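# missing the sequence, but the structure's below:
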C-alpha cells in the first residue's frame, strides 16, 4: 500500500471509488467534481492510497479559514474521504487519514475539521466532536414580511469573489462567532459563474441562494448592519409566490431568529462536525478569548502523530489573547488530541473527564479552562 498525491491520470479511477462509496454523480456533477479535484491536486491537497498501482482510497484537503472567538485561523477541511468497498476494514482509511493530518500540517494549517460519515476512524487519528450544523425550513412569506428600509442591492459576478468573502466575514468577526468557515475566493468565483446560484451584494452584506426542488436554498447570507440583513432576507422572500419554503443552516444565535414575528420555522436536520488541532500552540495564539479574562493554567498534551507538540505547557490568557507556553514542570490536566480539540471547542472539562478524554491536574482548574474556551461552535456550510 502506498499513499501519495493523486495522479491526474487517475481521476477516473478516483471517481469510480467515489461512486462506489457515495453513489454515482450526474454528468454535470462529474465535470464539477473533476475540476475541483484537479485544483486540489495542483495545490498538493488531494491524496490517494494505491494498492499495486490502483487507487483504492482518496481524501481531499480544502483550504478554509475558520473563525474562533471572532478570529480567523487557517483550517484544513477534509472532504471526499472514500475507501473502495473491498478494502474497507483493512486499515487503509486510518493510514490515509494519518497522511492527511501530516500533509495538512506541512501546508501550514493550524486546525482541521470534517463532517464524519462514521466517527471511529477519525477518532483514531485525533478528531473529536466539536459542533453542529443545524438546518431549518422557514416560511418564505415570513421573510417577505420582514420590516425595514429599502437597501440598494446588486447582482454579483465572477469579479466579486473577494468582496463576497469579505462581506460574509465581517458579521462573523463582530459577533465573535466560533466555527463558521470561509472558502477561498477562487472557489467562490466558481459559484459566481454558476447560473443556478443567485448572488446579491449590498454595501455591507452578501447573499447566495438558489432553487432546490420545491423550495429555496440559502447557501450563505450575512451583513454588518441589520438594515442590509433584513433587505437580503426580503429579497429571498420576494419569491414567496414561487417557493413557499426556504431552507437554510443557521447558528444558534442567528439574528433572523429574533427578526421573525412568529414561530415560522422548523429544524429539519442537525449534523455533527469534528475538529483536530494540527498546531495547538499556533491555534491558541490565533484564537480569540474572552476579553477581560486573565488566567494561567498548567496543561499537558500528548499526540502520537506529533511528538514534538507533546509535553507540558502553561495556558496563559489575557486581553482577549492566549498563549501555550512550554514549561519543564510536568502537571496540569492531561489531554490527547481528541481532548484538546473538544476543549478548544468549548466542551466542559468535566465532560472530558467523564469520557476519559481528560485526566489529572487540579479539578479547581477545570472552571478556568471552561471560561477560557467557552464557545458554542457551529457551521452553516457543508463541504
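Noted; the coordinates are in hand. Here the structure is a predicted model, which means the values were calculated and not measured.

# Tell me who's in contact with residue 381.
Each residue near residue 381 by CB atoms under 8 Å, 6 or more residues apart in numbering is listed here: 133, 180, 181, 183, 219, 220, 249. Heads up, the C-betas are built off the backbone N, CA and C, glycines and all.

# nearest to residue 35, of these?
Nearest to residue 35 out of those is residue 183 (CB to CB; 14.6 Å).

# Where do the helices of the protein begin and end?
Under the criterion DSSP state H, the chain contains helices at 11-22, 27-42, 92-106, 120-123, 140-144, 161-174, 185-192, 226-237, 256-259, 280-286, 337-344, 349-354, 366-372.

# nearest to residue 79, of those helices?
When the helices of the chain are compared by CB to CB, helix 27-42 sits nearest residue 79, at 9.3 Å.

# what comes up buried for the closest one?
Buried residues in helix 27-42, defined by neighbour count with 16 or more other CB atoms under 10 Å: 30, 33, 34, 36, 37, 39, 40, 41.

# List the contacts of the closest residue to residue 339 other than its chain neighbours.
Leaving aside its sequence neighbours, residue 339 sits nearest to residue 357 (CB to CB, 6 or more residues apart in numbering; 3.6 Å). Counting by CB under 8 Å, 6+ apart, residue 357 makes contact with 128, 335, 336, 338, 339, 342.

# and if you look at residue 207?
Per CB under 8 Å, 6+ apart, neighbours of residue 207: 153, 198, 199, 200, 201, 218, 220, 221, 232, 235, 236.

# Mind splitting this protein into its structural domains?
Domain ranges of the chain: 2-109, 146-260, 279-372, per automatic domain parsing.

# Select, out of the ones you listed, the one closest to residue 383.
That would be domain 2-109 among the domains of the chain, by CB to CB, at 4.9 Å.

# tell me how far the ends of that closest one are from each other?
24 Å (CA to CA, to the nearest Å).

# between the contacts of residue 381, which has the most around it?
Counting by other CB atoms under 10 Å, residue 180 has the largest number of neighbours within those, with 26 neighbours.

# Looks like that residue contacts residue 252 (just checking).
No. Between residue 180 and residue 252 there is no contact under CB atoms under 8 Å: 11.9 Å.

# Now do the shared contacts for those two.
With CB under 8 Å, 6+ apart, residue 180 and residue 252 have common neighbours residue 378.

# what distance separates the longest strand seen in the chain from the centre of its chain?
Ranked by number of residues, the top strand in the chain under DSSP state E is strand 54-68. Counting by CA atoms, centre = their mean, to the nearest Å, strand 54-68 is centred 11 Å from the centre of its parent chain.

# Show me what that strand is packed against.
On a contact count with 3 or more CB pairs under 8 Å, 6 or more residues apart in numbering; DSSP states H and E, strand 54-68 meets helix 11-22, helix 27-42, strand 46-51, strand 71-83, helix 92-106, strand 111-114, helix 161-174, strand 181-182.

# and those, which is most packed in?
strand 111-114 (a mean of 26; mean count of other CB atoms under 10 Å).

# Could you please name the strands it pairs with and the direction of each pair?
Strand pairing for strand 111-114, determined by DSSP bridges: strand 71-83 (parallel), strand 265-277 (antiparallel).

# Could you dump those strands into CSV and include mean pLDDT and distance to residue 142?
Shown next, in CSV, are those (pLDDT from 0 to 100; distance: least, CB to CB, whole Å):
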stretch, mean pLDDT, distance to residue 142
strand 71-83, 97, 32
strand 265-277, 96, 8
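
# wait, which of these is closest to residue 187?
Closest among the strands paired with strand 111-114, once you apply CB to CB, is strand 71-83, at 10.8 Å.

# Report the distance from that closest one to the chain centre.
7 Å.

# thinking again about what came up before, let me have the domains of the chain in a markdown table, extended by distance to residue 382.
As requested, these are exported to a markdown table (distance: least, CB to CB, whole Å):
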| stretch | distance to residue 382 |
| --- | --- |
| domain 2-109 | 9 |
| domain 146-260 | 8 |
| domain 279-372 | 18 |
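
# Between those domains, which one is closest to residue 118.
domain 2-109 (9.4 Å).

# ok, back up a step: ok, of the contacts of residue 381, which one's closest to residue 190?
Using CB to CB, the contacts of residue 381 come closest to residue 190 at residue 183, 9.2 Å.

# Thought residue 162 was touching that closest one, still the case?
No. Using CB under 8 Å, residue 183 is not in contact with residue 162; the gap is 11.3 Å.

# Residue 291 contacts residue 319, doesn't it?
Yes. Using CB under 8 Å, residue 291 is in contact with residue 319, at 7.1 Å.

# With distance to residue 103 and pLDDT added, can I get the buried residues of helix 27-42 in TSV?
Compiled in TSV, the buried residues of helix 27-42 are given as follows (distance: CB to CB, whole Å; pLDDT from 0 to 100):
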residue	distance to residue 103	pLDDT
30	25	95
33	20	94
34	21	95
36	17	93
37	15	96
39	16	94
40	11	96
41	12	97
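
# What is the nearest of those to residue 75?
Nearest to residue 75 among those, with distances taken as CB to CB, is residue 40, at 15.2 Å.

# Which residue is the nearest non-sequential neighbour of that closest one?
Residue 40 sits nearest to residue 46 (CB to CB, 6+ apart), 3.9 Å away.

# what's the spacing between that neighbour and residue 36?
Distance of residue 46 to residue 36, computed by CB to CB, to the nearest Å: 9 Å.
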